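Asker: Got a predicted model here, sequence first, then my questions.
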Amino acid sequence: MKVIVAKDYKELSSLAADIMEQVIRSKPDARMGLATGSSPVGMYQEMARRCAEEGLDFSKACSVNLDEYVGLAPEHEQSYRRFMNENLFDHINIDKNNTYVALGTGDIDANLKEFQAVLDSKQTDLQVLGIGVDGHVGFNEPGECLFGEAHLEVLDDSTLEANKRFFASKAEVPTKAVTMGLKNIMQAKKLVVVVNGKNKDAATKQLVMTDEVTTKNPVTFVRLHPDCTVIIDQELADAMGYKG
Ligand code: F6R
């Protein structure tokens, strides 16, 4: 596992975009595994800039997202489908028909079967990951065990607390989500984990500064991946006492 300390969020975003650019330029029909949340927003802005100004071409690319809230229709302003359209897909030349965000409404069992079938249909070339305050990746929450495939998760209170900033109140944050499992994530050819800000210090410290792999901190599993890059910012490195 490679760890890079970027001087700030802008540099972190640009370094993550470099990795994505390399994948797309070497394989124009690559499948991108994408995350939502604040962490990759700067990376997505940089990908949009490179598409508009530097000819980075997504016309043959496809994507699959990590997760979606249960109970939010795709057009809901906090759905992850809407997030992806607004933060990335509307700003690059990808065909939206080639982008997949699992449905969080209707028949959830059927949605999960479809989600897993989509994941099984093609290997992801680069999976983008953020980290939850509690160490979750996708919405795989810490616990006694983790799951491999697409499944339903009940969100931890700390996740509801962290994500209430996007809603009018904590009570409005959906309490469940459909998510890729750990096997789905680990099957990607390459992983890039982007983490900024000192509130992720405990989960990130165990990932970066120990050799531990534990279901109590799901992100630690990425250290078992043969091609994983973790990009953190200086503020987080300082909070963890990480010297490289
Ligand atoms: C998002 C996702 C989550 C987030 C994590 C961090 O699709 O799967 O694991 O990456 O909750 O969120 P932010 O970046 O908002 O701190």
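Answerer: Arrived safely, thanks for sending. Residues are numbered from 1 along each chain as shown.

Asker: Okay, and the residue lying closest to Val173 once chain neighbours are set aside sits in which element?
Answerer: Beyond its immediate neighbours in the sequence, the residue positioned closest to Val173 (C-beta to C-beta, 6 or more residues apart in numbering) is Leu160, lying 4.7 Å away. C-beta: built from backbone N, CA, C; applies to glycine. With elements taken from DSSP states H and E, the one containing Leu160 is helix 157-163.

Asker: repeat for Ala239
Answerer: In this structure, Ala239 is located in helix 234-240 according to DSSP H and E.

Asker: Point out the other helices and strands that that helix packs with.
Answerer: Judged by 3 or more C-beta pairs under 8 Å, 6 or more residues apart in numbering; DSSP states H and E, helix 234-240 is in contact with strand 2-6, helix 201-209.

Asker: The nearest residue to Asp125 once chain neighbours are set aside and the ligand, how far apart?
Answerer: Leaving out its chain neighbours, the residue that sits closest to Asp125 by C-beta to C-beta, 6+ apart is Ala30, at 4.0 Å. Ala30 sits 19 Å away from the ligand, taking C-beta to the nearest ligand atom, to the nearest Å as the criterion.

Asker: wait, what's in contact with Ala30?
Answerer: Contacts here follow C-beta atoms under 8 Å, 6 or more residues apart in numbering; on that basis Ala30 touches Val23, Ile24, Ala61, Cys62, Asp125, Leu126.

Asker: Let's have those residues in CSV, adding distance to Glu172.
Answerer: Supplementary listing: these in CSV, determined by distance: C-beta to C-beta, whole Å:
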residue, distance to Glu172
Val23, 36
Ile24, 36
Ala61, 33
Cys62, 32
Asp125, 35
Leu126, 33
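
Asker: Filter the residues you listed down to the ones in helices?
Answerer: Among these, the members falling in helices are Val23, Ile24 (criterion: DSSP state H).

Asker: Let me have the contacts of Ala30 in TSV, extended by pLDDT and neighbour count.
Answerer: Putting the contacts of Ala30 into TSV (pLDDT from 0 to 100; neighbours: other C-beta atoms under 10 Å) gives the following:
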residue	pLDDT	neighbour count
Val23	98	19
Ile24	98	23
Ala61	98	23
Cys62	98	20
Asp125	99	20
Leu126	99	23
